[in-house]
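Student: Coordinates only, no sequence provided:
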């Protein structure tokens with residue numbers, strides 16, 4: 001549905017009995033299903049926007065790729081097929097190279113810390129805002145997969161070197177690092193990892209604790225290693241810039257503030273879900289292994305090459321890649337210290 005038809009519909013509603021003349025209906029496109037933590041956060045965002053605007057703004061969510069698939073989100077939202085929606089950076093390595101900073105294998109294992117750092121960078125950096133504006137997009141808020149860990153069947157990863165020779169389903173740069181260290185990387189969706197582990201097509205699968213629980217992968221795992229490494233965080237809620245610019249300053253502020261608050265809401269959901277998932281794995285008899293700092297350092301060192309690669313790609317697009325990476329690392333350190341000193345905001 002393009003903006004012309006939506007505005008036309010709004011004009012008709014304005015003259016309808018009992019209709020609010022001020023109501024603006026925003027269509028949100030989501031390629032994922034209406035279930036899980038991200039869906040819960042998206043619904044919370046929609047409800048909060050309506051509540052905070054006193055009903056002036058209404059967000060109508062179209063789930064399951066009804067408007068566009070995940071790999072068409074950037075173009076679709078930019079063209080006004082939807083007013084806002086979810087974009088996943090890994091599907092757009094060139095167009096969203098700026099947002100790809102949140103997917104890098106940094107020392108960034110905490111979901112809330114990572115999202116807060118990403119949100120600050122995306123909202124306060126003129127470079128990031130300009131890069132999205134070129135796509136006719138405005139950033140509102142961010143999601144994350146939470147930290148990347150690895151579960152195995154009949155194998156255990158206690159040291160970084162233990163990955164050598166194992167058949168592994170990988171995730172982005174994290175998978176590439178394992179491949180560099182001698183793992184036999186297998187292209188496979190996280191949704192197929194259960195069968196892959198069960199049949200021996202793979203020995204191990206990189207993934208996320210809450211996903212292990214949701215996809216029942218614990219039934220076919222014997223060990224689960226907490227890598228305490230990083231996360232895939234280039235997943236965000238963006239808006240068509242033309243539509244955003246057409247709104248009042250008050251309504252723009254409501255969307256931006258709700259996007260920021262969603263970080264804390266989603267952080268709480270993920271942190272709670274991950275902790276429960278790990279407890280459930282222990283109860284199933286799965287060995288929970290926490291990688292030692294000395295071994296984790298080997299992963300971080302191996303990941304440096306992919307950071308350099310991102311800096312080069314960002315710089316080739318006119319961004320200050322090195323400066324942005326330095327700023328992002330400083331924000332991760334800032335919010336790590338804030339968490340250590342004050343705890344999570346929902347624990348107050």
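Tutor: Perfect, I can see it now. All values reported here derive from a predicted model rather than from experimental measurement.
Student: from memory residue 232 sits against residue 142, does it?
Tutor: No. The criterion here is C-beta atoms under 8 Å, and residue 232 misses it with residue 142 at 11.4 Å. Where you see a C-beta, it was placed from the backbone N, CA and C, and this is true even at glycine.
Student: can you pull the buried residues of stretch 119-132?
Tutor: Neighbour counts over stretch 119-132 (16 or more other C-beta atoms under 10 Å) mark 119-123, 125, 127-129, 131-132 as buried.
Student: which neighbours do residue 232 and residue 142 share?
Tutor: Common neighbours of residue 232 and residue 142, using C-beta atoms under 8 Å, 6 or more residues apart in numbering, are residue 102.
Student: more crowded one of the two?
Tutor: Shown here are residue 232 and residue 142; by other C-beta atoms under 10 Å, residue 142 has more neighbours (28 against 25).
Student: After whichever helix or strand the more buried one is part of, which helix or strand is next?
Tutor: Here residue 142 sits within strand 137-143, counting by DSSP states H and E. Using DSSP H and E, the next helix or strand after strand 137-143 towards the C-terminus is strand 149-152.
Student: For that following strand, name the packing helices and strands.
Tutor: Contacts defined by 3 or more C-beta pairs under 8 Å, 6 or more residues apart in numbering; DSSP states H and E place strand 149-152 against strand 204-207, strand 223-226.
Student: closest to residue 185 out of these?
Tutor: Nearest to residue 185 among the helices and strands packed on strand 149-152 is strand 204-207; the distance by C-beta to C-beta comes to 9.8 Å.
Student: who touches the next helix or strand after that closest one?
Tutor: Using DSSP H and E, the next helix or strand after strand 204-207 towards the C-terminus is helix 209-214. Contacting residues not belonging to helix 209-214 are listed as 36-37, 145-147, 149, 151, 190, 217-218, 221, 224, 270, 273-274, 276-278, 280-281 [C-beta under 8 Å, 6+ apart].
Student: please redo it, this time with the cut-off set to 6 Å
Tutor: Contacts of helix 209-214 with the rest of the structure, by C-beta atoms under 6 Å, 6 or more residues apart in numbering, involve 151, 218, 273-274, 277-278, 280.
Student: shaky segments in the stretch 51-200 of the chain?
Tutor: The model of the stretch 51-200 of the chain has no residue with pLDDT under 70.
Student: hmm, try it at 90
Tutor: By pLDDT under 90, the low-scoring segments of the stretch 51-200 of the chain are 90-91, 171-172, 189-191.
Student: just to revisit the earlier point, out of the contacts of helix 209-214, who's the most crowded?
Tutor: Highest neighbour count within these, by other C-beta under 10 Å: residue 151, with 26 neighbours.
Student: Just list whatever residues bridge to it.
Tutor: On the basis of DSSP bridges, residue 151 is bridged to residue 205, residue 224.
Student: Next up, the contacts around it.
Tutor: By C-beta under 6 Å, 6+ apart, residue 151 lies in contact with 205, 212, 221, 224.
Student: Now the two most distant members of the residues you listed.
Tutor: Spatial extent of the contacts of residue 151 (C-beta to C-beta) is set by the pair 205 and 224 at 10.1 Å.
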